[in-house]
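> Coordinates for the following, if possible.
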Amino acid sequence: MFIPMFDHFWWKFINCFGLVMKLAEDSRVIMMLVSCIMAVAFILNIHSGRTILRDVVNALANRRLKAKLDRRPSPINIAENRVTKRQLKLPLKWRHYEDLPMATVLENNGSTVILRIYTALNFLPHLSGGELTGKYHFVEAIFKWGTFRSEHSIGKYQFCLEMQALHRCPQETGALEFLTLSYLFAVSRVKNESLKGICDNLKWILHPGSSIELPPFELESLLRPFTGGHYSYHGTYDNGDVILPTIWLINSEISHVSSHQLAHFGALYRRDGKRNSTNSRLEQPLGKRNVYLNI
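Okay, the predicted model is just below:
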């Protein structure tokens, strides 16, 4: 039933198109009109093709990114019997971490606490040297917490808080794009003075989407520079909004935080309205990846 009907309309279309083309031969105006219509159709077809191509490219890129993330899961336990010692060619170079930013903002995104700074581009803190092939500029710092549930562990020893500082390198250098510094904290009776400005202001950002501007302070007071003695491996960074492939540099010097300060993190609310008592990811297998102790 449908095939004869389709043939009928198809032949009607062919006859009408032939009539239009015959008129176009006798009229310059009609010829110009037909040319314009065909040009617009051609442009729309190209645009549609580009859109489809862009969607395909994005899908392939997302698929490649997911495959890369699947091959390098984080966090891991750093087993000292599987660590490879590596002599650094140069010490790590820390620039502008001691400078005072124009503004410092603390945010609860429903998954973690995010610290961002605002400063002139030429004063943006950045890290280079060591085994790095480019300059990595500070993006943000986040916190992962829980009772003996930091993300990374060393020799199966679990910590209660981990501060992770994401950095990014411009891709024209050919270096890997993201780098993350990790600082581990153990529970102590003594307050951590460097974290005091963070912990004391968490009460103002209890609910997801809330933020507060802090009195500016030097980033160096939180991200203590180290020039060696750190672990490194390829893994993933997750702030609750985005997951990125990253080089991890994990400081082997353990800091301290009081149980009272830790309780401020656990009092925050998640997106589902429940208390965010812990936000650490589960330990993942190392697989065939290498973990280095850089000395």
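
> Who are the contact partners of the residue nearest to Arg86 when sequence neighbours are not counted?
Of all residues not flanking Arg86 in the chain, Tyr292 sits nearest, at 4.5 Å (C-beta to C-beta, 6 or more residues apart in numbering). All C-beta atoms are positioned from the backbone trio N, CA, C, and that covers glycine. Listed by C-beta atoms under 8 Å, 6 or more residues apart in numbering, the contact set of Tyr292 reads 83-86, 231-233.

> Look up how far Gly130 lies from Tyr292.
Distance, Tyr292 to Gly130, by C-beta to C-beta, to the nearest Å: 11 Å.

> now swap in Glu177 and tell me
17 Å.

> the more surrounded of those two?
Neighbour totals were compared for Glu177 and Gly130, and Gly130 leads with 19 against 16 (other C-beta atoms under 10 Å).

> I figured the more buried one hits Trp94, correct?
No - assessed by C-beta atoms under 8 Å, Gly130 is found out of contact with Trp94, at 10.8 Å.

> Does the closest residue to Leu176 other than its chain neighbours belong to a helix, a strand or coil?
Excluding its sequence neighbours, the residue lying closest to Leu176 (C-beta to C-beta, 6+ apart) is Ile247, at 5.7 Å. Put simply, Ile247 is strand when judged by DSSP: H, G, I helix; E, B strand; the rest coil.

> What about Ile247, how many residues nearby?
Applying other C-beta under 10 Å, I find that Ile247 has 21 neighbouring residues.

> is it true that it touches His234?
Yes - here Ile247 lies in contact with His234, judged by C-beta under 8 Å, at a distance of 6.1 Å.

> how about the helices in the protein?
Under the criterion DSSP state H, helices of the chain are mapped to 2-26, 28-71, 196-199, 259-266.
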